[in-house]
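Participant: Sharing a model prediction with you, sequence too.
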Amino acid sequence: MDAAPNGVAPTKGDDEQSRRAKRAALKELNLSEAGKEPEKALDSSLKRHTALIKRTRQSLGAENHDQIVKDINSLSLEKYVDEIVGAVVEGISRCKTEKDVWSAVEIISALHRRFPKTFTPALVSSLATSLAAPSRASLAALSPEQREKEDSTRVSRQRPVLRVCAELALVGIIRDTPERSGGEWIMKTVRDLLSNDPSLSSLPLLLVFLKSYSRPYLGIVPPAASKQISASAEPGTLSDAASEEASQTNGAFPVLVKEEEELVEKEIRDRFRKMCEGYFDQVAKKLVIEHNRLQEQDRRNHEAYIRSGEIFEDRQQAYEKMTKSYEKLLASCQSLSELLYLPMPTLKTASQKTESIQIGMNTGSSLFGADVDETAASGGKWEDEEERRFYEEIPDLKDYVPRSVLGLEGDSDVETADGEEKERMEKELVEEEFRKLEEELAEMKIDENGQIVGNGRSKQVDAKDEEDADDAPTPTPGTPKESPTATPQLAPQGPSQLLTALLARLPDATNRSLIDQAAVDFAFLNSKAARKRLVKFLGQIPKSRTDLLPHYSRLIAILARYLPDVGQDVVAMLDEEFRYLQRKKNVVKELAEVRLRNTTFLSNLTKFGVVPPHVILHMFKVCLDDFSGTNVENLALLLEGCGRFLLRSEDTRVPFGKMIELMRRKQSMAHLDQRQLLLLENAYYQCNPPERTARQVKERTPMELFIRHLIYDVLTKKTVEKVLRLLRRLDWNAPVVLRTLHKVFTKPWKIKYGQIPLLAILAYDLQRYHPAFSIGVVDQVMEDIRRGLETNMYSMNQRRIASAKFLGELYIYRLISSGIIFDTLWTLVTFGHPEGRPTPGQPSQIDMPDDFFRVRIVCVLLDTCGMCFDRGSQLRKLDNFLAFFQLYILSKGPLPMDVEFMLSDSLEAVRPRLVMFKTYEEAAVAVDEMFAVAYQNAGIVRDGGDDSGEESGEDDDDEKERGQMYEDDEDEQLQPESPVDERAPSPEAVLLKSQHEHIGPTEDDEADFAKELAKLVTDTSAESRKIDKKTALALWDTALPPPVIRKKKHDEYDEDGEVAAGEVAQDAGVMKFTLFTKRGNKQQVR
């Protein structure tokens, strides 16, 4: 390996040798004079001691070195050792340069020699504490932004401390044992920093350590200059070769290879080196993962852009953050690869399965090192067939206009030969321009400010330089040729009037047929004056009529084939306008529409082949030279207009690909606002869409497609009857039908939210014919809600909301009982909490204090079916739940605004006059009282008799016995209110079924009868009869006999309500009754 011409390698070797000599001398001094008493009397002045401690706290750098060492040798210091330790640790953190670090080492060595037994152990302990890795628990409590800021602050604080500790271990102050160096201590400290760092935030510390201390601690010669290690190199074989290269470069360097002169033992060096290589493997794996994630995110962004037409700001910011993190990790991995002489991992490049072209931005390739053949376009120049026909299928005027009119008087063979010669000359000109352009691109470099510099001169051209330099980079189009033309036979009104009429109707030629006919009409009017008028007209297009530019470009392309001066003059005019706009870069708003018209016109003419390739490429290069302001917008417009065409054309693919790569690099380095970044990103992905894999379509049987079509497409309020009849006609014995129907009915999140009630209607109607199916649907919905509580995944939130809504609708349509609803409500607020009671300060892993999604689910359930619980036992049960629900809410943090509004709306709908608790303590007291009453009632029920369940005793006329059973029902439903977190067995779904199947004359009559019967059963249910009884009690009490008569009648019966035995025997078969009449206001009994 040849020495660098500037002498970098010899200087580096000499510096390493001099550092080793200084360390060895200082180590010998520390070992020999540790604890030696000073020979002269020492000063014990308080003032000087205070000044020394203050100076030490400020800095241990080179500016304070001499004074601090002088004070250490002249002051007693015995009483201030503890304060000096704290001051030294604080002063170390202000040592930024290598000179400051060595100054701190010499100061600490002086203190070590004075107080080896009191100062040194305390200092080493303090330094170990300073280099301790942060605890994962503390980092987990921080937000990502706070964690990033904390890691950055910690690395800045620990960087000088680690460098000083590395030096102290080499000079004999930090030691593992009295006979060994401190290499083990340093290795353990570095290992702790790296092993407790999943985010690789401590990687900069390792890089700083290896840059300065890889030779003494790892035995690896630091590289003389940064270079990329080949991926084909074997791991662990390059450091020896580099050491050999260094020894050949610097003759004095081999002295360091003697083992007895090493400051760190060989065993520790080997272990340290293996540890660093293992850590590099982890970093490489992390880099590959991040690289794949970045490509995947890029693909998703493109798909989102295709779907919505824009990339939202949050998605864009997340992608930029991910890109920034990846680039930082890539740079760190490259530095670590160079320092350890290990090859970089192979980063998979995106395979171009669609119309994407690889341009080396995120592929890990160098700017010009990518293989050009690999970047060949797999897609076409055009987005669709219509666009291709518009730009390529141009009519030939020779088929519509006489040859003499077009000036084609010569022999066709001669014309063909002349045309081929002209085409060959133009091709040579284009190749020459490409060669010049490639030379300029090869000389381009990007400085630290993001500007392109090359050949020692700036590429930013001012107004005068732009005009003077026109001839070199950009060929000036030739002057219009005066081709001999033949004057056609014109109408009597004259050619001027005909041309005026033609130009007047051009703005209305907004399709291919009209613009093609206009080209033919102009060919008949062909003359030099007519061509000049046409060029002048095309230069005065209104700024707001950019929709005309593609059609005018087609007109020019049709004419330019036989009238080349038309295309040349228009291109020259647009090129001159472009240069003028470059000179007026500071005029932004006033010329914005002019810039849009200019770039759009140039882009369309480029796609028609009218603008020479080197001209449009030079315009791109001019915008790249001054990558700021309006040139960013110009680049974006040009990329959107003709970038895809240039990137997929054989003649321009290579240089334009290099330009886009250069633009991406400058974009990453320049400080652009969000609008400019969005413009460039949209334009880049429009001309070069990223990889997009084909969407896998799940294969479904025709029956599955039919069922999904019925539920997802056909089902509406008007078609629910039709869908029901079609579903009933399916073969319910087929497993495919049952499985598909079960999937459709148990996934309510796949239909529109407003159509979930319709799905519940279908489930209600089908339960009469297929009760097992309805039971399965209810069970699966409840299981989905339970699984959502157990997993609590953010991506499942929409499904959980839909499932809760569907459960409420199933209750509305009487597929489930109120017990299931209350069981679900109580499970939502108790599941996962200790003893089923949420408490502030005791967070649950599946229900954190800042997670309010369960509140949303409860609100959805209350909004759906909460209005049904407005009377009887259900009223009291809902009141009890709302008290506990307030306890649950108060156990969490402050409610977000949207959750607070949703909660207030839901509670106002079910309990408009509900008084909310203010504090958790108030809610806890109310809940305790509620549970006390519930437990008391539960005890009374157990002593009283059997639990008859809900809706029992409805046919019994004894009011007392019915009341007791009513209380039993209430107590049974209160059992899920237990605070113990034990999930009670879910009540089975109550299905309303008729006991007999009546076969009607027709299927429609049978369906109508079933509906009427279901309504009748619903209206005469136990709950409704209880309510009707209560409402009728008032009227019944007014019609009772007087108390005297009732007492007389009561005495005729015994206590059990039975008639005396004698009377039964005497009047057997005779029914006794009392006739109660009323005449006026007087009641009479017979």
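Facilitator: Nice, thanks for sending it over. Residues are numbered from 1 along each chain as shown.
Participant: residues touching Phe656, list them.
Facilitator: Neighbouring residues of Phe656 by C-beta atoms under 8 Å, 6 or more residues apart in numbering: Leu617, Phe620, Gly643, Leu646, Leu647. Glycine gets a C-beta too; all of them are placed from N, C-alpha and C.
Participant: Flag every buried residue along stretch 559-573.
Facilitator: Across stretch 559-573, burial judged by 16 or more other C-beta atoms under 10 Å covers 559-573.
Participant: ok, so of these, who is nearest Leu131?
Facilitator: Leu131 has its nearest neighbour among the buried residues of stretch 559-573 in Val571, at 67.1 Å by C-beta to C-beta.
Participant: Find me whatever residue is spatially closest to that closest one, sequence neighbours aside.
Facilitator: Of all residues not flanking Val571 in the chain, Val611 sits nearest, at 5.4 Å (C-beta to C-beta, 6 or more residues apart in numbering).
Participant: ok, that neighbour touching Phe601?
Facilitator: No. With contacts counted by C-beta atoms under 8 Å, Val611 stays clear of Phe601, the gap being 9.4 Å.
Participant: can you list residues touching both of the two?
Facilitator: Leu574.
Participant: With neighbour numbers in mind, choose between those two.
Facilitator: Counted by other C-beta atoms under 10 Å, Val611 and Phe601 do not tie: Phe601 has more neighbours, with 28 against 25.
Participant: tell me the contacts of that one?
Facilitator: By C-beta under 8 Å, 6+ apart, the contact set of Phe601 is Ile541, Leu549, Tyr552, Ser553, Leu574.
Participant: Go through those and say which is closest to Leu727.
Facilitator: Out of these, the member with the shortest distance to Leu727 (by C-beta to C-beta) is Leu549, at 56.5 Å.
Participant: Contacts only, for that closest one.
Facilitator: Contacts of Leu549 by C-beta under 8 Å, 6+ apart are Ile541, Arg597, Thr600, Phe601, Asn604.
Participant: at 7 Å instead, please
Facilitator: Thr600, Phe601, Asn604 (C-beta atoms under 7 Å, 6 or more residues apart in numbering).
Participant: go on, Ile707?
Facilitator: Contacts of Ile707 (C-beta under 7 Å, 6+ apart): Thr740, Leu741, Val744.
Participant: my read: the residue nearest to Val571 touches Ala572, true?
Facilitator: No. Using C-beta atoms under 7 Å as the test, Val611 is too far from Ala572 to be in contact (10.5 Å).
Participant: Tell me which of the contacts of Ile707 fall in strands.
Facilitator: In strands, judged by DSSP state E, none of the contacts of Ile707 are found.
Participant: Let me know the closest of the residues you listed to Arg531.
Facilitator: Distance to Arg531 across the contacts of Ile707 (C-beta to C-beta) is lowest for Val744, with 68.9 Å.
Participant: now what about stretch 281-298, what contacts it?
Facilitator: For stretch 281-298, contacts defined as C-beta under 7 Å, 6+ apart pick out 200, 203, 319, 322-323, 326, 329-330, 333, 336, 345, 347-348, 350, 362, 690.
Participant: Can you tell me which one of those residues carries the smallest pLDDT value?
Facilitator: Checking pLDDT across the contacts of stretch 281-298, the minimum falls on Asn362 at 39.
Participant: Out of the contacts of Phe656, grab the one that's most surrounded.
Facilitator: Leu646 (27 neighbours).
Participant: circling back: closest to Thr830 among the contacts of stretch 281-298?
Facilitator: The closest of these to Thr830 turns out to be Met322 (C-beta to C-beta; 39.6 Å).
Participant: what about the nearest residue to Arg136 once chain neighbours are set aside, how many neighbours?
Facilitator: Nearest residue to Arg136, sequence neighbours excluded (C-beta to C-beta, 6+ apart): Asn196, at 6.8 Å. Neighbour count of Asn196, defined by other C-beta under 10 Å: 14.
Participant: Test my guess that Asn196 contacts Ala132.
Facilitator: No. Counting by C-beta under 7 Å, Asn196 does not reach Ala132; the two are 9.1 Å apart.
Participant: Just the buried subset of the contacts of stretch 281-298, please.
Facilitator: Applying 16+ other C-beta under 10 Å to those flags 200, 203, 319, 323, 326, 329-330, 333, 336, 345, 347, 350, 362, 690 as buried.
Participant: Can you pull out the low-pLDDT segments for the stretch 851-1000 of the chain?
Facilitator: 940-1000 (pLDDT under 70).
Participant: need the helices for it, in chain order.
Facilitator: 853-865, 872-890, 897-910, 920-944, 959-974 (DSSP state H, counting those that start in this stretch).
Participant: Residue ranges of each domain in this protein, please.
Facilitator: 29-218, 269-340, 505-687, 703-938 (the TED database).
Participant: I'd like those domains laid out as JSON lines, including distance to Ala1010.
Facilitator: Formatted as JSON lines, the domains of the chain follow (distance: least, C-beta to C-beta, whole Å):
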{"stretch": "domain 29-218", "distance to Ala1010": "59"}
{"stretch": "domain 269-340", "distance to Ala1010": "45"}
{"stretch": "domain 505-687", "distance to Ala1010": "59"}
{"stretch": "domain 703-938", "distance to Ala1010": "6"}
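Participant: nearest to Arg695, of those?
Facilitator: domain 269-340 (9.2 Å).
Participant: Span of that closest one from start to end?
Facilitator: One end of domain 269-340 to the other measures 13 Å (C-alpha to C-alpha, to the nearest Å).
Participant: about what we covered before: the contacts of Ile707 in helices, which ones?
Facilitator: Applying DSSP state H to those, the entries found in helices are Thr740, Leu741, Val744.
Participant: Output these in CSV; the columns should cover pLDDT, neighbour count and distance to Leu498.
Facilitator: Conversion of those to CSV gives the following (pLDDT from 0 to 100; neighbours: other C-beta atoms under 10 Å; distance: C-beta to C-beta, whole Å):
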residue, pLDDT, neighbour count, distance to Leu498
Thr740, 94, 21, 71
Leu741, 95, 23, 73
Val744, 94, 21, 69
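Participant: Much appreciated, bye for now.
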